[in-house]
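Q: how does the following fold in three dimensions:
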Amino acid sequence: MQRMDASLRAAIGLTVVCATFAASSAHAAPWDKPGYALTFQDEFDGTSLDTGKWVRRYKWGEAVINNELQAYVDSAFALNNGTLSIVGKKQSGQYAGQSMSYTSGVICSVHEQTYGYFEARLKMPKGKGIWPAFWLLGAVGTTGVNEIDIQEFLGHQPNKIYMTLHWGTDYGSGHQSDESEYTGPDFSADFHTYGLEWTASKITWTIDGTERKSYSGPGVPQVPMYVILNLAIGGGWPGSPDSTTPFPANYDIDYVRAYQPGASDAGAGGAAGSGGAAGNGASAGSGGGNAGTAGASSGGNSAGGNGGAAGNGASVGSGGGTNTGGAPAKPSASDDSGCGCRIVGAPTAPISWLALAGLVALRRRRARSA
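A: Numbers count the residues shown, from 1 in each chain. Below is the predicted model:
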């Protein structure tokens, strides 16, 4: 009888160990983040860009801005071994009714959310005139300036990353910004992880898990935002490519993920679980609810339901801009909008020209010498 009890105890102990190991393994997915629920994810494991997750144009429309030299084209994307490359080439392309000297790409997430944690693992392209960026922008229709630049990089400064918050009533005289730069290794030599924690009162930037900037003053966005990754070529800030600039130029993206605070996903593996319900209550001018909080699932990662599509509407003011503590933007002589950048050609989407004039005056698009 004592022997049986010992065997039973051993069996129970083994069961507990196995259960503990299984529970630990369930949280071993590479995208798991303790205390957070995954709301958006693209590991780029397919053979083509998932257009159910990404739009291959700016959501606010199409226009040549800031004297940039690239045409954003649908063919500027390559997927290989789980990596998306936005490929910049020295070749002619059509964009906004204009013939441009280079082609490149931009992607905007369909997903939008208010607050949370955003992360991407990226490798920068090197060379004069090369300008990749990973950033958040307020949903189309939200008023005022709502922009967080998680990572900006100039190809001729391979060991420097720029991190910036923009806020204010408009992108003209009401525009303010808070910028920091981090000098580290050659960011074009390997992949690095860029993260952003955004709450109602504070924003924290991280590079490879280490905090590099924090902001808790006025202007923290309170509206739904979406992810943008783009590779600009030329423009007032990086200048034009020269004979030393290598082409094609690849902005390599290993993954992009977004989270909301909450219980971690229970599942392991790549299969998606059941999503949470779409959020109730539309944000002003957005025309739809925010994405719902992710529901727990077993055996897979769950994602929140899709929110309604953002609506067009409120315009953003124009006017030549001056960053707080910085030099004023340098408007083009051919630009009558006063927004500090050049607009050539008409947008292909039905958007407000005032909104476009404001949006194209983004500080990342400012005329600036580096």
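
Q: from here on, contacts and neighbour counts on C-alpha atoms
A: Fine.

Q: low-confidence ranges in the stretch 1-150 of the chain?
A: Applying pLDDT under 70 to the stretch 1-150 of the chain flags the ranges 1-28.

Q: what about the strands in it?
A: With DSSP state E, counting those that start in this stretch as the criterion, the stretch 1-150 of the chain has strands at 36-42, 54-55, 70-72, 77-80, 83-88, 93-95, 98-100, 102-104, 106-113, 116-123, 130-138, 145-152.

Q: sheet-wise, list the partners of the second one with their directions.
A: Right, strand 54-55. Paired neighbours of strand 54-55 in the sheet (DSSP bridges): strand 106-113 (antiparallel).

Q: the fourth one now?
A: Sheet partners assigned to strand 77-80 using DSSP bridges are listed as strand 83-88 (antiparallel).

Q: what do you get for the longest one?
A: Partner strands for strand 130-138, per DSSP bridges, with pairing direction: strand 145-152 (antiparallel), strand 225-233 (antiparallel).

Q: thinking again about what came up before, wait, which of the strands of the stretch 1-150 of the chain is closest to Y194?
A: Among those, strand 116-123 comes nearest to Y194, with 5.5 Å by Cα to Cα.

Q: so which elements touch the closest one?
A: In terms of contact count using 3 or more Cα pairs under 8 Å, 6 or more residues apart in numbering; DSSP states H and E, strand 116-123 is assigned the packing partners strand 192-198, strand 249-261.

Q: okay, the ones you listed in CSV with distance to E181, mean neighbour count and mean pLDDT next?
A: Output for the helices and strands packed on strand 116-123, formatted as CSV (distance: least, Cα to Cα, whole Å; neighbours: other Cα atoms under 10 Å; pLDDT from 0 to 100):
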stretch, distance to E181, mean neighbour count, mean pLDDT
strand 192-198, 13, 21, 98
strand 249-261, 20, 23, 98
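
Q: mind checking which of those strands is nearest L38?
A: Of all those, strand 249-261 comes closest under Cα to Cα, at 4.4 Å.

Q: relative to S85, how far out is S75?
A: 11 Å (Cα to Cα, to the nearest Å).

Q: ok, these two, which is more surrounded?
A: In terms of neighbours (other Cα atoms under 10 Å), S85 is the more surrounded of S75 and S85; the figures are 22 against 12.

Q: which residues does that one bridge with?
A: Applying DSSP bridges, one finds that S85 bridges with A78, D252.

Q: pretty sure it sits against I253.
A: Yes. S85 is within contact range of I253, at 6.1 Å (criterion: Cα atoms under 8 Å).

Q: quick check: buried residues in stretch 200-207?
A: Using 16 or more other Cα atoms under 10 Å as the test for burial, stretch 200-207 gives K202, I203, T204, W205, T206, I207.

Q: for that stretch, the averaged confidence score.
A: Averaging pLDDT along stretch 200-207 yields 98.
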